[in-house]
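K.L.:
Just a sequence and a predicted model for now, questions to come.
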Amino acid sequence: MSKKKATQEELKAVREKNNKVIDDLIQLGDIESTISRLNQRKSLILQTLDLSRKELADTQAALMQKYGKESINLETGELK
């Protein structure tokens, strides 16, 4: 009894498609890894942003207490 075999062309086609699937999965893994790192960075930046906003509000409050409700030109420091 002889065993059935795929032709070289069929085998080549299956191998190419299998390699394409593997390449796509690798790319997907790279993307997911990048998304994870970006989400971690985003969380850290959001925490820093909250602190920065609080520090800005504190500084503005101190300046308002010292100068009143004057506007400060951020380029020159001139009060209006």
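P.N.:
Looks like it came in fine.
K.L.:
Going by C-alpha atoms from here, please, whenever you check contacts or count neighbours.
P.N.:
Will do.
K.L.:
Low-confidence bits of the protein, can you list those?
P.N.:
For the chain, the stretches flagged by pLDDT under 70 are 1.
K.L.:
which residue ranges form the helices in it?
P.N.:
For the chain, the helices defined by DSSP state H cover 8-67.
K.L.:
Spatially central residue in it, please.
P.N.:
When C-alpha atoms, centre = their mean is applied to the chain, the residue found nearest the centroid is residue 38 (2.9 Å).
K.L.:
I'd like to know how far it sits from residue 32.
P.N.:
Using C-alpha to C-alpha, to the nearest Å, we find residue 38 at a distance of 10 Å from residue 32.
K.L.:
for residue 21, same thing?
P.N.:
The value you get for residue 21 to residue 32, if C-alpha to C-alpha is used, is 16 Å.
K.L.:
nearest residue to residue 70 other than its sequence neighbours?
P.N.:
Nearest residue to residue 70, sequence neighbours excluded (C-alpha to C-alpha, 6 or more residues apart in numbering): residue 80, at 5.4 Å.
K.L.:
ok, that neighbour - contacts?
P.N.:
70, 71, 72, 73 (C-alpha atoms under 8 Å, 6 or more residues apart in numbering).
K.L.:
Bridging across strands, which residues link to the third one?
P.N.:
In this structure, residue 72 has the following beta-bridge partners (DSSP bridges): residue 79.
K.L.:
dump the residue contacts of it.
P.N.:
78, 79, 80.
K.L.:
now the contacts of residue 80 as TSV including distance to residue 25?
P.N.:
Below are these laid out as TSV (distance: C-alpha to C-alpha, whole Å):
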residue	distance to residue 25
70	59
71	56
72	55
73	54
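K.L.:
out of those, which is most surrounded?
P.N.:
Sorting the contacts of residue 80 by how many neighbours each has (other C-alpha atoms under 10 Å) puts residue 72 first, at 15 neighbours.
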